[in-house]
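**Student:** sequence first, predicted model second:
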Amino acid sequence: MSASQDTPADSQDRPASTQNRPAGLDRSTRPTKADLAAASNLTIPDVLAADLRVLFSGINPGLYSAATGHHFARPGNRFWPALHASGFTDRQLHPAEQQLLLDLGLGITNVAARATARADELTPAELAQGGQILAAKVRDLHPRWLAVLGVTAYRSAFGRPKAAVGPQPDQIAATSIWVLPNPSGLNAHWTAPALTEAFAELKAAAGDC
């Protein structure tokens with residue numbers, strides 16, 4: 001259920017938390033079971049810049065994303081298809097192409113940084129702390145919209161127990177907040193067409209670059 005994550009860099013340029021990621025994984029290589037086990041609790045770099053149109057925030061990296069270093073990388077995650085089908089991108093990007101989002105005014109981060117097999121392995125305190133860190137990141141980079149992918153995580157991270165999918169009444173400084181459904185393939189309550197429609201509503205609100 002984990003909802004998430006830079007072009008591979010030399011190991012000396014990587015954050016310390018990514019230095020033990022299995023080597024040699026590229027866009028055509030799937031991580032092994034051993035790779036996935038070794039990815040537990042790793043973090044991966046954000047895709048960030050100042051003044052973005054939309055900063056998408058997953059819940060936390062899944063093991064597949066942590067093993068590859070790419071957000072929303074697990075096959076079956078519907079983030080990249082929904083991003084394309086809703087009009088944010090003119091073609092469906094591969095997770096390894098995530099840096100191309102910056103040219104479109106889009107970015108990716110997470111509420112909680114550490115990778116887990118499932119998002120429900122995160123504690124409420126971890127989500128609340130993650131919400132504070134995310135809010136500080138938003139204040140520094142002032143995107144037009146923060147889109148949190150997962151209403152349950154948003155409720156916990158920002159103390160809004162009655163929040164629903166869609167635009168939120170709250171802001172972080174001048175940044176508006178939108179909650180999107182979790183694009184994980186495990187979130188069967190949201191079909192692909194419904195997920196695309198939810199993304200398209202945000203696309204209409206965010207406008208073009």
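**Tutor:** Nice, thanks for sending it over. Every value quoted in this text rests on a predicted model; they were computed, and no experiment measured them. Numbers count the residues shown, from 1 in each chain.
**Student:** quick one, phi psi at Pro167?
**Tutor:** Per-residue torsions, Pro167: phi -70, psi 140 (degrees, to the nearest 10).
**Student:** swap in Ala147?
**Tutor:** phi -110, psi 110.
**Student:** what number of residues lie near it?
**Tutor:** 23 (other Cβ atoms under 10 Å). Placement of C-beta: from N, CA and C, glycine included.
**Student:** and for the spatially closest residue to Arg53 that is not a sequence neighbour, the neighbour number?
**Tutor:** Of all residues not flanking Arg53 in the chain, Gly105 sits nearest, at 3.6 Å (Cβ to Cβ, 6 or more residues apart in numbering). The number of residues packed near Gly105 is 19, by other Cβ under 10 Å.
**Student:** got it, and Tyr64?
**Tutor:** When neighbours are counted by other Cβ under 10 Å, Tyr64 comes out with 25.
**Student:** and it, that one's in a helix?
**Tutor:** Yes: Tyr64 forms part of a helix when assessed by DSSP: H, G, I helix; E, B strand; the rest coil.
**Student:** now do it against Thr32, distance only.
**Tutor:** Separation of Tyr64 from Thr32 (Cβ to Cβ, to the nearest Å): 11 Å.
**Student:** for Ala96, same thing?
**Tutor:** Ala96 is 18 Å from Thr32, by Cβ to Cβ.
**Student:** these two - which one has more neighbours?
**Tutor:** Ala96 (18 against 12).
**Student:** specify the local secondary structure of that one.
**Tutor:** helix.
**Student:** isn't it right up against His70?
**Tutor:** Yes: Ala96 is within contact range of His70, at 5.5 Å (criterion: Cβ atoms under 8 Å).
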